[in-house]
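Student: No letters, just coordinates:
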């Protein structure tokens, strides 16, 4: 049977390893905190957009389309309008009338 020599890390090596481990853990916690903050902000934005959409529907600000092609044509007209005059998007806060 072969004999193996196992060396125990010196006190200095152990301290350095622990410091690096702590740094890794701190960085991991920072990344998790940043991810949580970003996800919270995205969720708040989605909830705000949903509130705006629901308020528009409740106020009757919507159009029903008979076919998917009708919807596609309407969207294409809106895109053409915005692309031909970018000031429209800023003056309407990104909300265009579909009719």
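Tutor: Good, I have the coordinates. Just so it is clear, the structure is predicted and the values come from calculations on it, not from any experiment.
Student: so how many other residues sit close to residue 71?
Tutor: 14 (other C-beta atoms under 10 Å). Backbone N, C-alpha and C define where each C-beta goes, glycine included.
Student: ok, it to residue 24 distance?
Tutor: Here residue 71 is placed at a distance of 51 Å from residue 24 (C-beta to C-beta, to the nearest Å).
Student: Could you do residue 39 as well?
Tutor: From residue 39 to residue 24 the distance is 23 Å (C-beta to C-beta).
Student: same check, this time on residue 60
Tutor: 56 Å.
Student: neighbour-wise, which of the two wins?
Tutor: The residue with more neighbours, out of residue 60 and residue 24, is residue 24; 10 against 6, by other C-beta under 10 Å.
Student: How far off centre is stretch 49-63?
Tutor: 23 Å (C-alpha atoms, centre = their mean, to the nearest Å).
Student: Looking at it now, give me its mean pLDDT.
Tutor: Averaged across stretch 49-63, the pLDDT comes to 95.
Student: same deal with stretch 21-33?
Tutor: Model confidence over stretch 21-33, given as mean pLDDT, is 88.
Student: and the most centrally placed residue in the chain, backbone torsions?
Tutor: Nearest to the mean C-alpha position of the chain, counting by C-alpha atoms, centre = their mean, stands residue 42 at 4.9 Å. For residue 42, the backbone dihedrals (degrees, to the nearest 10) come out as phi -60, psi -40.
Student: same question, residue 84
Tutor: Torsion angles, degrees, to the nearest 10, at residue 84: phi -80, psi -20.
Student: Would you mind giving me the confidence score for it?
Tutor: pLDDT, residue 84: 87.
Student: what's the distance between it and residue 78?
Tutor: 11 Å.
Student: Look at these two and report which has more neighbours.
Tutor: residue 78 (14 against 8).
Student: Does that one lie in a helix or a strand, and which?
Tutor: Per DSSP states H and E, residue 78 falls inside helix 68-84.
Student: how distant is that helix from the center of its chain?
Tutor: 26 Å.
Student: distance of residue 72 from residue 31?
Tutor: In terms of C-beta to C-beta, residue 72 sits 41 Å off from residue 31.
Student: Kindly report the same for residue 70.
Tutor: 46 Å.
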